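In: Give me coordinates for this.
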Amino acid sequence: MSLLPSEAKKIEIAGATVDFFTYVKDGLTIYQFDTSLTGPPEPMVNAMAGLKQIDSVEKKLIMINHKAPGGLFNKISENYDYIVEDIAGGNVKVVFSYKVGESEKADLEDASCAG
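Out: Numbers count the residues shown, from 1 in each chain. Down below sits the predicted model:
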């Protein structure tokens, strides 16, 4: 996977259908996955699995995808902050962050893709 630092380690994430990696950057634990070559519902399924790891402000989830996942944003926007940036090859990088007092309320069990 491109965009991964050399110290990134592959990890197992329950429910994931793509490889996940973790590393530490600027004192934050980063979880990262790439669904840029997959179609629905895999981006949603993997994002929901990855968001389960983000249980504090010291952790972030990075998703590499072929486009901004609007359906996912509709499901989680009240519970997580996110930033979208365009990257090489026409893909996007989405960085999800924990929202104190809101992320705890997220329903991450429904990984169906509805838009």
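
In: C-alpha only now, for contacts and for neighbours.
Out: OK.

In: Mind checking the pLDDT average for whichever helix in the chain runs longest?
Out: Longest helix of the chain, by residue count under DSSP state H: helix 42-51. Mean per-residue pLDDT for helix 42-51: 97.

In: Check stretch 16-23 too.
Out: Mean predicted confidence for stretch 16-23 is 98.

In: So which bits of it are buried?
Out: The neighbour-count check on stretch 16-23 (16 or more other C-alpha atoms under 10 Å) flags 16-17, 20-23 as buried.

In: So which of those belong to helices?
Out: Per DSSP H, these never map to helices.

In: For those, which two are the farthest from each other?
Out: 17 and 23 (19.6 Å; C-alpha to C-alpha).

In: returning to that earlier point: tell me which other helices or strands the next helix or strand after the longest helix of the chain touches.
Out: Sequence order places strand 59-65 as the next helix or strand after helix 42-51, per DSSP states H and E. Packing partners of strand 59-65 (3 or more C-alpha pairs under 8 Å, 6 or more residues apart in numbering; DSSP states H and E): strand 28-34, helix 42-51, strand 92-98.

In: go with 6 Å
Out: Under the contact definition 3 or more C-alpha pairs under 6 Å, 6 or more residues apart in numbering; DSSP states H and E, strand 59-65 sits against strand 28-34, strand 92-98.

In: Now do it: everything it contacts.
Out: Strand 59-65 is touched from outside by 28-36, 91-97, with contacts defined as C-alpha atoms under 6 Å, 6 or more residues apart in numbering.
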